[in-house]
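Engineer: How does the following fold in three dimensions:
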Amino acid sequence: MRDGATPAHRCTELEALLSAHRPQLLLLDVGLADLGGAVGAVGLIGRNPLTRVVVMSRLPNDDEGIAALRAGARGYCNAYIDLRLLEKVIDTVQAGEVWVGRKLIDRLVELIASNATAHAPPDLDHAAFDGLTPREREIAMLVGEGVSNKVIARRLDITERTVKAHLGAVFAKLGLPGRLQLALLVTRRGERARAAQSGPH
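Structural biologist: Sure thing, here's the model as predicted:
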């Protein structure tokens, strides 16, 4: 980028570079002076949907992370992350998965749970799960445990493509947009089953 350029011009140059080279992966520090903070990062992600973006924050917080993920970011982490862990972040995102910290995952689950309570019939999961095939239920349970597609394929001795095909069928039958919502549903079913087994005290 040119020395002496204004922040607006430098941001425009960055967008031009991304448009010209279309990188598969971008590590984006929201603390960059010319970016405009989280708002600028969100805008940049939205205008470059083909690039997998990992947003890095020097002062990470849940609201910023959720805003980045809603904009299409594939990861959110601390800008001062250990280099060995950063390699894992990159590998995860390049494999087509999403990387966020445990605390942010808990916040996302809470948001999804509140949304599901407000909009979904309470017994939807019971009826819909009965319509899954044994293999689909097996894969759904593994997703609920946080197992990746690659590990699921290895455990069940099938290909990742087959896992994705089964998951597509599961999402369609349960009316879910993705694996995070599926994991929440599976977790809720497990909690209900344990409560039923323990009975009243």
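
Engineer: any idea how far residue 99 is from the spatially closest residue to residue 48 that is not a sequence neighbour?
Structural biologist: Excluding its sequence neighbours, the residue lying closest to residue 48 (CB to CB, 6 or more residues apart in numbering) is residue 18, at 5.0 Å. Yep, even glycine has a C-beta here, placed from its N, CA and C like the rest. Distance from residue 18 to residue 99, counting by CB to CB, to the nearest Å: 20 Å.

Engineer: How about residue 15?
Structural biologist: Distance of residue 15 to residue 99, given as CB to CB: 24 Å.

Engineer: of those two, who's got more company?
Structural biologist: A direct count of neighbours by other CB atoms under 10 Å for residue 15 and residue 99 places residue 99 higher, at 19 against 14.

Engineer: got the phi/psi numbers for the more buried one?
Structural biologist: For residue 99, the backbone dihedrals are phi -120, psi 120 (criterion: degrees, to the nearest 10).

Engineer: Surely it and residue 75 touch.
Structural biologist: Yes: counting by CB atoms under 8 Å, residue 99 touches residue 75, with 3.8 Å between them.

Engineer: what do these two both touch?
Structural biologist: Listed as contacting both residue 99 and residue 75 by CB atoms under 8 Å, 6 or more residues apart in numbering are 54, 89, 92-93.

Engineer: Now, the residues you listed that are in strands?
Structural biologist: Judged by DSSP state E, the subset of these located in strands is residue 54.

Engineer: Just put the shared contacts of residue 99 and residue 75 in TSV and tack on neighbour count.
Structural biologist: Converted to TSV, the shared contacts of residue 99 and residue 75 look like this (neighbours: other CB atoms under 10 Å):
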residue	neighbour count
54	23
89	19
92	16
93	21
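
Engineer: For residue 55, see how far away the residue nearest to residue 19 when sequence neighbours are not counted is.
Structural biologist: Residue nearest to residue 19 in three dimensions, not counting chain neighbours: residue 48, with 7.3 Å by CB to CB, 6+ apart. Residue 48 sits at a distance of 13 Å from residue 55 (criterion: CB to CB).

Engineer: quick one, which of those two is more surrounded?
Structural biologist: With neighbours defined as other CB under 10 Å, residue 48 and residue 55 compare such that residue 55 has more, 28 against 19.

Engineer: Can you name the residues that contact the nearest residue to the more buried one once chain neighbours are set aside?
Structural biologist: Spatially, and ignoring its direct neighbours in sequence, residue 55 is nearest to residue 68 (4.2 Å; CB to CB, 6+ apart). Residue 68 is in contact with 30, 38, 41-42, 45, 53, 55, 76, counting by CB under 8 Å, 6+ apart.
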